[in-house]
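Colleague: One predicted model, sequence on top.
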Amino acid sequence: MIKSDNWFTEICEPEGAAFSLKTQALLHKEKTPFQEIAIYQTEKFGNLMIIDGFYMLSQRENFLYHEMLAHPVLFTHPDPKKILIIGGGDCGTLCEVLKHPGVEKAQQIEIDERVTRLSEEYFPELCSANNDPRAELLFIDGIEYVQEAAENSFDLIIIDSTDPIGPAEGLFTKPFYAQCFRTLRKNGIIVQQSESPLYHVKLIKEMRAAMGDVGFAQSKTLFFPQPCYPSGWWSATMAAKDSLLSEFREQDARQKTFDTVYYNAEIHRASQALPEFFRKEMTAIAKAL
């Protein structure tokens, strides 16, 4: 019997599933102009951030998401110099991006500044690169920023968003992907968190179809575990302006000059393997792209 006052539970009603963590204290709670943010101290997972009732990250397992959103795309691009991160207010993805010495500038566009300020207080390890001279943090609307950006501005666009509801809904649309395509340089790639391959295949298919419709030459979905998210199995989808996704700079990944907890060259290659059911679901999209 779970005592609800000692546990935080996120219920995934459409799938008849839920995930719970045992908590010790509510450290902070506030409603911003955009969303409600809560920070809990948990018994086994460190500090936990909740936004609008949904798990965002815990100190114990966030490395899975942040490393897999950042390093595969950085090692797939031949020479990434200028990076744009849309969302990512907890700064974990920014921290991973700036581990790459070849990156010259990384802009992070987060609509809600409070996410970052609370991360600096309760998840300081994720914010260790915030003062890197290559980092620029802007607290504005990411969709509007991309619309106003010049053509050929970025080598990579990393879309580190919440689920496609509320402020993040517009980040999963064809018009937004079209603007990303316009602002990417030659060999440019976007990558976006793409939910659970077990629960959200329809969304992934729609994302990849929309990316292809606006001109991206190739798309690929990567898979990795993520215990706190619905189903415990998560994905990121990359789309390339030119056909570059079949291989990555494997030797560079093997000789990386920085530490990771999960990512390495073998994990990178393994994450590209398609489960049989997913391969069948994606056949039509793959042919189109």
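Modeller: Nice, thanks for sending it over. All values reported here derive from a predicted model rather than from experimental measurement.

Colleague: Near the residue lying closest to residue 193 once chain neighbours are set aside, how many other residues are there?
Modeller: Closest residue to residue 193 apart from its sequence neighbours, by Cβ to Cβ, 6 or more residues apart in numbering: residue 236 at 5.5 Å. All C-beta spots, glycine's among them, are computed from the backbone N, C-alpha and C. Using other Cβ atoms under 10 Å, the number of residues around residue 236 comes to 24.

Colleague: Identify the residues contacting the helix or strand containing residue 236?
Modeller: For residue 236, the element it lies in under DSSP states H and E is strand 233-240. Contact with strand 233-240 is made by 64-65, 68-69, 72-73, 76, 177, 187-198, 204, 207-208, 211-212, 216-226, 245, as judged by Cβ atoms under 8 Å, 6 or more residues apart in numbering.

Colleague: Longest strand of the protein, counting residues only.
Modeller: Counting residues, the longest strand in the chain under DSSP state E turns out to be strand 17-31.

Colleague: quick one: contacts of it?
Modeller: Contacts of strand 17-31 (Cβ under 8 Å, 6+ apart): 2, 6-12, 36-45, 47-48, 55, 58, 114, 118, 121-122, 227-232.

Colleague: one more time with 7 Å
Modeller: With contacts defined as Cβ atoms under 7 Å, 6 or more residues apart in numbering, strand 17-31 is touched by 2, 6-12, 37-43, 45, 47-48, 114, 118, 122, 228, 230.

Colleague: can you check stretch 245-254 too?
Modeller: Contacts for stretch 245-254 (Cβ under 7 Å, 6+ apart): 72, 75-76, 218, 220, 238, 264-265, 268.

Colleague: List the ones among these that fall in strands.
Modeller: Per DSSP E, the contacts of stretch 245-254 map to strands at 218, 220, 238.

Colleague: out of these, who has the most neighbours?
Modeller: Comparing these by number of neighbours (other Cβ under 10 Å), residue 238 comes first, having 26 neighbours.

Colleague: From residue 277, how far out is the residue nearest to that residue when sequence neighbours are not counted?
Modeller: Leaving aside its sequence neighbours, residue 238 sits nearest to residue 191 (Cβ to Cβ, 6+ apart; 4.6 Å). Per Cβ to Cβ, to the nearest Å, residue 191 is found 23 Å from residue 277.

Colleague: and the strand holding residue 236, average pLDDT?
Modeller: Across strand 233-240, pLDDT averages out at 97.

Colleague: all strands of this protein, in order?
Modeller: Per DSSP E, the chain carries strands over the ranges 7-12, 17-31, 36-42, 47-51, 54-58, 82-87, 105-109, 135-138, 154-160, 184-193, 218-225, 233-240.

Colleague: since we're on the spatially closest residue to residue 7 that is not a sequence neighbour, how many residues are nearby?
Modeller: Using Cβ to Cβ, 6+ apart and skipping the chain neighbours, the partner closest in space to residue 7 is residue 20 (4.7 Å). Number of residues near residue 20 (other Cβ under 10 Å) recorded here: 13.

Colleague: Repeat that for residue 280.
Modeller: Residue 280 sits with 10 neighbouring residues when counted by other Cβ under 10 Å.

Colleague: With distance to residue 259 as new columns, can the ones in strands among the contacts of stretch 245-254 be given to me in JSON lines?
Modeller: Converted to JSON lines, those look like this (distance: Cβ to Cβ, whole Å):
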{"residue": "218", "distance to residue 259": "31"}
{"residue": "220", "distance to residue 259": "26"}
{"residue": "238", "distance to residue 259": "23"}
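
Colleague: List just the nearest of those residues to residue 103.
Modeller: The closest of the ones in strands among the contacts of stretch 245-254 to residue 103 turns out to be residue 238 (Cβ to Cβ; 17.2 Å).

Colleague: What's opposite that closest one in the beta bridge?
Modeller: residue 191, residue 220 (DSSP bridges).

Colleague: Now do it against residue 175, distance only.
Modeller: 20 Å.

Colleague: tell me how far the ends of stretch 236-245 are from each other?
Modeller: End-to-end span of stretch 236-245 (Cα to Cα, to the nearest Å): 13 Å.

Colleague: Name the residues of that stretch that come out as buried.
Modeller: If you call a residue buried by 16 or more other Cβ atoms under 10 Å, then stretch 236-245 has these buried ones: 236-241, 244-245.

Colleague: how about these, which pair is most distant?
Modeller: Once Cβ to Cβ is applied, the buried residues of stretch 236-245 give 236 and 241 as the farthest pair, at 17.2 Å.
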